[in-house]
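below are the sequence and a predicted model for it; my questions follow.
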Amino acid sequence: MGDAFAMYGANYNFSLTGGELVKRALNKIGAFDPDETIPSADMDLCLMTLNMLAKQYMGPGNKMLPGLKMWKRADKSITFSAKDYVYTLMTSGGDVSMNDVPVEILSVLRRDASSNDDPLTRMTYDEYRQIGNKIQSSTPTKYYYELKTDAGYLYFNCKLSSITDTYEIRYLAPFQDIVYATVLDFQQWFYRPLLYALCEDLLSDYGIPEKKAAEIANLKKESFALASTFEPEETTIFFEPGRD
């Protein structure tokens, strides 16, 4: 087994490409034998399906793969060039140029010229809508973010009265598209859930028997449950002596 595993590198470097995961999935459901070459049409179909699955798992509120996907957290320092109350975030064009359009903005800090940080409070959509005068000039204390098909939209609870401050944004970046020869943009503990999710999604395409389908469903449930144990704590836990 040592020689077989050596192909993945030493120690902690195990990884999978999109093509490797697709081939394993097609082996698992019995559509192709391990020594068969996967036809390009089948590979393209499976990669498309795998990408659709992966995009559904990006959000931190996802119930199947919960957690903040910490390896996808990123930071951006923004100094706005115009005084406004809403800004578009895009990879090209827009008010702010980003390497990735955020899936979600996790926090915003306003940093003044003396490097004093003032955290902004996140609003819900309803809270933002209920602001009576959004174009009144002031120092923002709250923000709301929406990801749309054309861009990300960052809203403040007022029009910026100054553009000398810097806004430090921590956000959740999207998963990269999955292609044949590129390593998956997932941590190792998500490989198995992705494998069985893909297997289950392909069952109807390849006419898999009911018994095999039930086996795949059970393995998917188990792998997602195990992956969810990596969800980070979002509250502080403490124990009080004398209390259960």
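Okay, I see it.

buried ones in stretch 38-58?
Using 16 or more other C-beta atoms under 10 Å as the test for burial, stretch 38-58 gives 38, 42-43, 46-47, 49-51, 53-54, 57-58. (Glycine included, C-beta is placed from N, CA and C.)

okay, which residue is most central for the chain?
residue 58 (2.9 Å; C-alpha atoms, centre = their mean).

does that residue sit in a helix, a strand or a coil?
coil (DSSP: H, G, I helix; E, B strand; the rest coil).

count the neighbours of residue 178 for me.
As a burial measure, residue 178 scores 25 neighbours (other C-beta atoms under 10 Å).

could you do the one 10 residues further on as well?
As a burial measure, the neighbour count of residue 188 was computed by other C-beta under 10 Å and equals 13.

now do the residue lying closest to it once chain neighbours are set aside against residue 191, distance only.
Leaving out its chain neighbours, the residue that sits closest to residue 188 by C-beta to C-beta, 6 or more residues apart in numbering is residue 14, at 6.0 Å. Counting by C-beta to C-beta, to the nearest Å, the gap from residue 14 to residue 191 is 8 Å.

higher neighbour count, the two?
residue 191 (18 against 11).

that one - that's part of a strand, no?
No. Per three-state DSSP, residue 191 lies outside any strand segment and is helix.

in contact with the closest residue to it other than its chain neighbours, which residues?
Leaving aside its sequence neighbours, residue 191 sits nearest to residue 16 (C-beta to C-beta, 6+ apart; 5.5 Å). Neighbour list for residue 16: 24, 183-184, 191 [criterion: C-beta atoms under 8 Å, 6 or more residues apart in numbering].

which of these tops the neighbour count?
Among the contacts of residue 16, residue 184 has the most neighbours (other C-beta under 10 Å), with 21 neighbours.

so it is in contact with residue 178, correct?
Yes. With contact defined as C-beta atoms under 8 Å, residue 184 reaches residue 178; the gap is 6.3 Å.

identify the contacts common to these two.
Each of residue 18 lies in contact with both residue 184 and residue 178 under the rule C-beta under 8 Å, 6+ apart.

how does the protein divide into domains?
Using automatic domain parsing, the domain parsing of the chain gives 14-57+177-230, 70-172.

export these to CSV and tack on mean pLDDT?
Output for those, formatted as CSV (pLDDT from 0 to 100):
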stretch, mean pLDDT
domain 14-57+177-230, 93
domain 70-172, 94
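
hang on, residue 143 in a strand?
Yes. Counting by three-state DSSP, residue 143 is part of a strand.

farthest pair in the contacts of residue 16?
Greatest spatial distance in those: 24 and 183, 14.5 Å, computed using C-beta to C-beta.

nearest to residue 111, of the buried residues of stretch 38-58?
Among the buried residues of stretch 38-58, residue 58 lies closest to residue 111 (C-beta to C-beta), at 28.0 Å.

the closest one contacts residue 103, doesn't it?
Yes. Using C-beta under 8 Å, residue 58 makes contact with residue 103 at a distance of 5.1 Å.

what do these two both touch?
The contact sets of residue 58 and residue 103 overlap at 72, 172, 174 (C-beta under 8 Å, 6+ apart).

does the second one touch residue 72 like I think?
So that's residue 172. Yes. Here residue 172 reaches residue 72: they are 5.6 Å apart, a contact under C-beta under 8 Å.

tell me, what's touching those two both at once?
58, 103.

what's the closest of the contacts of residue 16 to residue 205?
residue 24 (16.1 Å).

mind pulling up the phi and psi values for the closest one?
Main-chain torsions, residue 24, degrees, to the nearest 10: phi -60, psi -40.

with residue 115 instead?
phi 70, psi 30.

got it, and residue 170?
Dihedral pair for residue 170: phi -110, psi 130, per degrees, to the nearest 10.

my read: it touches residue 74, true?
Yes. Under the criterion of C-beta under 8 Å, residue 170 makes contact with residue 74 at 7.5 Å.
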